[in-house]
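Colleague: Quick one, fold the following:
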Amino acid sequence: MPAPNDVVGSLDPPPSQGERVSLRVLSDAGAREVIGFVTGLSATGVRVVDRRGVEHALERAQVDAIRRVAVALGRRPEATPRDLLDALAQRAGASGPAWVGRISSLLEGRTPPATVPAWGEWAEVDGVRARFEGEWVTLPTASDSTVVAAAWWATRMGARSVQVRGDAAPDGFTLLG
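Modeller: Numbers count the residues shown, from 1 in each chain. Have a look, this model is predicted:
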């Protein structure tokens, strides 16, 4: 049972590591909103990393409100100029037909992992190299579970869309002509 006035602990079900949340945080300077992924929970604190990579270590007593928030929607990936997608793919070392999809659609209804690869431009996920740039994560054809894992990694840094280059992509992706 959460302590009295423990807003974080009173969320039902309680937040878990890896979930995206919005917190209203009170301080002497006033209230501010922190949106990000939970990276740590303790009896007295909560840590959240925002899309810029800033980790906010907060005392639970500072949190005045909390709610779960979905992964950001982003733009229509199929409307992205092809030359931009080709340049992203080239820098990622991925080739073949271009498949694109929204990260929010891919991750909808899935349980976020407690941890993801380290913050940065590149990550190796299940032996596949994925590259994050701007609002995109790009990788070669891989299993659906690998694409999902790469999406969870990149969305923590602000990615909104996925580009898979090769012969196949997860259901719901659009093959560009």
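
Colleague: I figured residue 15 hits residue 40, correct?
Modeller: No. Here residue 15 lies out of contact with residue 40, judged by C-beta atoms under 8 Å, at a distance of 10.8 Å. Heads up, the C-betas are built off the backbone N, CA and C, glycines and all.

Colleague: Export the helix or strand of the chain with the lowest mean pLDDT to CSV, keeping only CA atoms.
Modeller: The least trusted helix or strand in the chain, going by mean pLDDT, DSSP states H and E, turns out to be helix 7-10, with a mean of 93. The C-alpha trace of helix 7-10 is given here as CSV (Å, rounded to 0.1, in the frame of the first residue of the first chain):
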residue,chain,number,x,y,z
VAL,A,7,1.0,10.0,-5.9
VAL,A,8,3.4,7.7,-7.8
GLY,A,9,2.5,4.7,-5.6
SER,A,10,-1.2,5.3,-5.9
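
Colleague: following it, which helix or strand shows up next?
Modeller: strand 20-27 (DSSP states H and E).

Colleague: now that following strand: mean pLDDT?
Modeller: When pLDDT is averaged along strand 20-27, the result is 96.

Colleague: Residues touching that strand, excluding its own?
Modeller: Counting by C-beta atoms under 8 Å, 6 or more residues apart in numbering, the neighbours of strand 20-27 from elsewhere in the structure are 8, 15, 31-38, 46, 48, 56, 58, 62-71, 112.

Colleague: Buried residues in it, which are they?
Modeller: Of the residues in strand 20-27, those buried under the neighbour-count criterion (16 or more other C-beta atoms under 10 Å) are 20, 21, 23, 25.
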